[in-house]
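K.L.:
Need coordinates for the following:
(2 chains)
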Amino acid sequence: MSIDLSQFFEVFFEESFEGLDAMEAELLNLVPGEEDLETINTIFRAAHSIKGGSGTFGFSAVADFTHVLETLLDQIREGARTLTAEHVNLLLKSVDCLRALLRTLQAEQQPDLTEADELRVKFEEILGMRSKSKVVQQQTVSNETNIKNTFQIDFKPHHHLFKTGNEPLYMISELAELGELETQAFQDDVPDITNLAPEDCFLSWRFFLTTDKEQSCIEEIFEWVEDDADIAITLCGGLFGDEEITTTETATAVVEQKKEVEPIPVKPTTDTKKPVPVKATTANAESTSIRVGIDKVDSLINMVGELVITQAMLSQLGEQEITEATIASLQEGLAQLAHNTRDLQENVMRIRMLPISFVFSRFPRLVRDISQKLDKQVELKLLGEQTELDKTVMEKLSDPMVHLVRNSLDHGLETVDKRVAAGKDPVGTVTLNAFHQGGNIVIEIMDDGQGLNTQKIREKAIKNGLISENDDLNDNEINELIFLPGFSTADQVSDLSGRGVGMDVVRRNIEALSGSVEVASAPGVGSTFTIRLPLTLAILDGQLVKVAQHTYIIPLISIIESLQIDISKVSRVGKDLDVLRLRDEYIPILRLYNIFNHKGAIETLDRTLLVVVESDNQKVGLLVDDLLSQQQVVIKSLEANYQKVDGVSGATILGDGRVSLIIDISGLIKLSGLRKPGSQELIIESKANLEAS
Amino acid sequence: MIVEHDDLQSKLNIGQDEDIKQFLTFFMADEEYGVDILTVQEIRSWEEITEIPNSPDFVKGVINLRGTIVPIIDLRLRFGLPAVTYGPLTVVIVLKVKLESTCKIMGIVVDAVSDVYSIAEHEAKAVPHLSDSDNTQFVAGLVNVGEKMVALLDLQKTMDI
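P.N.:
Coordinates of the predicted model:
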């Protein structure tokens, strides 16, 4: 009855990492002195299952280390010890240490135990310092090494024991380590072969253990199966030397008696210690798996069911003779198919969507560590943690966000003294907020610190040659400078590391996800970084438009409205820029045929269609010949075989097999020469280039 | 031509098969050009194409090749030859070109496909360098096939747009 345990390793690691995350989160919630019992219980449970799992799978280093941790937690839980900040710090460090240990084990490497041992010594110091239990126990052990007791242990597992992932053999081996073990197995309950459920446990055991250890040591072994088995441990002798012998003899006799009906050999302890073959796993295995809620899977199955039904209906129709009536039902069936396909697609996409708390959850720890290091008081607020986001986007979002949060803590928030002097709350606040807006997810990183120092940034930019001394920039434009590549290289804005360090990298990473990052800052009040990202990178809803004989796709999310131009509301600004007065705004009109150099398009403005789109907070109107249908399109890369095309974000294949290009609004605005907001005026600068090309 | 081809192949196959490569040749403005046949993915007829705005004139646009977006280059325009109107015989050769670390799939528009020759690479002669013509940079070497001369294309250079 040997099970290849290695097949469960991945699950164990995954669960352990989750457990560690939970521990970390709860530890951060702990405030020494006012700890909540439930919180400590959660931490304890997480530690306990890691210990259990690692013991089962033979990762003794992890199990041993977790054991001391657990002991401390247990004492706190039972009120035998009060929680101190030192404990929390130590526990947090051990979480890191455990995580590192598990990572190395997952990568099938030999773990480095120096850190674990150091921490363990610290734990033992704490445990030994005030609680006498350990010392007493040690004394007991040293004093009473010669005194052996014999325990009778009745172990009757419930049928479902195996299903809970427990293996009695390991417990027996562990018992055998404690001392001399005699084992009897009862197989009275084993049913006929016909009724035998191979996954159920029908055996029960009686053990006689002669050991110098305490009863608690035995209880500990059975701790994990308490609820899954009937366990009775009784002391049946050993206080007197001679009785011990008799018991053992009796036990031996019983065992011999039972031997012929006892088919299951109890393997020697050494067997379990041999290295367990480890399934080949790659180091980045964790990023390739995804946890999906069962409800999402269920709804997928439902949809596939409907799809199959529709398909059956259609093929049935296809076999019939084609008449007027069948055509009607065929069309109906196709509509149904389209509906099913869309639902299915949406649901499949939803599988990839995870709540952003996966990214947010690492920040409490980060903020705690950094604020301790910087000696600042920081409160972290997380809002909109349940906002969902595509997994690939999320993975790439993490690093830029860490960078921004670190910057906010380091340079945004002031020290306590400065805050008090400025009449602010000594505790600074960093807020992470996520929410959906249109087809985008918006993530804000706000701090109530000192804001960006525009004067310093300006000086710095002039020094680095990014702007000239005569450039007249407003504060927004100056703040934008921190995202420029040249800004971060040389010496820093502030004494430490300076805002702007790697900001260009942050922007580049986010733009690679076709998102954008902006900063708004007010001196003395704080700064806000806003990241905007598309929810998913693979599919978009598009509006097909016609320009001359060409079909383009405008992302539906950026369209505000489409209208027919009323020529009386158009006025000309400068040489060749037309603006349309739309309610209270002036919308510059971009002639798509002009920007894309197409001939044969409608050039008059009167009664021509205008699609009003918004990008980077700027509204523009795109002049098109015609509005075609709206449809979902799969984004294909143009760069894979060609190169980046200005004003175009990608291509797609339409229903008839033709390729159509997807318009990149912000690229288009740049291409058209309209300046981005900041300076409110709109300037045509590259018109000449355009006309030349 | 087939006779020539067979002749050539039998001639070439004697003794030296190590560096023999097969080349697909095509005509453009009455000149014959060759590309390594292993780079050829398929040969298609000219079809409707989606233009790419503001691209160089020799990039005709992109087509859908079974779900992949493939740019099409007019080799005549690339070489600075006079353009011709495309007819039913105009062909597109789809090539897979190795550019630096990536492989790109691109199509080239040529006048007509000619033949497949086995050519020993070492027979290729260097292109006489003429400073007044920049088209020579696209040619890796010249070989004689029978009475004709075939220009072997340097695809990396040709496709580097």
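
K.L.:
Only C-alpha atoms from now on, for both contacts and neighbour counts.
P.N.:
Fine.

K.L.:
May I have the phi/psi pair for residue A:473?
P.N.:
Residue A:473 adopts backbone torsions of phi -110, psi 140, taken as degrees, to the nearest 10.

K.L.:
One more: residue A:414?
P.N.:
According to degrees, to the nearest 10, residue A:414 has phi -90, psi 170.

K.L.:
Next, the closest residue to it other than its chain neighbours: phi, psi?
P.N.:
Sequence neighbours aside, residue A:449 is the residue nearest to residue A:414 in space, at 5.9 Å (criterion: C-alpha to C-alpha, 6 or more residues apart in numbering or on different chains). Here is the backbone geometry of residue A:449 (degrees, to the nearest 10): phi -90, psi -150.

K.L.:
Can you tell me how far residue A:449 is from residue A:412?
P.N.:
For residue A:449, the distance to residue A:412 equals 5 Å [C-alpha to C-alpha, to the nearest Å].

K.L.:
shared neighbours of the two, anything?
P.N.:
By C-alpha atoms under 8 Å, 6 or more residues apart in numbering or on different chains, residue A:449 and residue A:412 have these common neighbours: A:526, A:527.

K.L.:
So which of those two has more stuff around it?
P.N.:
For residue A:449 versus residue A:412, the count of surrounding residues by other C-alpha atoms under 10 Å in any protein chain shown is larger for residue A:412: 28 against 25.

K.L.:
So for chain B, which residue is the most central one in space?
P.N.:
Chain B has residue B:35 as the residue nearest its centroid, 4.5 Å off, counting by C-alpha atoms, centre = their mean.

K.L.:
After the helix or strand that contains residue A:24, which helix or strand is next?
P.N.:
Using DSSP states H and E, residue A:24 maps to helix A:9-29. For helix A:9-29, the following helix or strand on the C-terminal side (DSSP H and E) is helix A:37-56.

K.L.:
quick one: average pLDDT of the helix or strand following that following helix?
P.N.:
Downstream of helix A:37-56, the first helix or strand assigned by DSSP H and E is helix A:60-77. On average, the pLDDT along helix A:60-77 is 81.

K.L.:
could I have helix A:60-77 exported to CSV, CA atoms only?
P.N.:
Taking Å, rounded to 0.1, in the frame of the first residue of the first chain, the C-alpha atoms of helix A:60-77 are listed here in CSV:
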residue,chain,number,x,y,z
SER,A,60,11.5,17.4,8.2
ALA,A,61,13.4,20.7,8.1
VAL,A,62,10.2,22.6,7.6
ALA,A,63,8.2,20.5,10.0
ASP,A,64,10.8,21.0,12.8
PHE,A,65,11.0,24.7,12.3
THR,A,66,7.3,25.1,12.2
HIS,A,67,7.0,23.1,15.3
VAL,A,68,8.8,25.7,17.5
LEU,A,69,6.8,28.4,15.9
GLU,A,70,3.6,26.6,16.6
THR,A,71,4.6,26.0,20.2
LEU,A,72,4.9,29.8,20.7
LEU,A,73,1.6,30.4,19.0
ASP,A,74,0.0,27.7,21.1
GLN,A,75,1.1,29.4,24.3
ILE,A,76,-0.2,32.7,23.1
ARG,A,77,-3.4,31.1,22.1
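
K.L.:
now what about that helix, what contacts it?
P.N.:
A:37, A:40-41, A:43-44, A:47-48, A:50-52, A:54-55, A:81-83, A:91, A:98, A:101-102, A:113, A:116-117, A:120, A:123-124, A:127.
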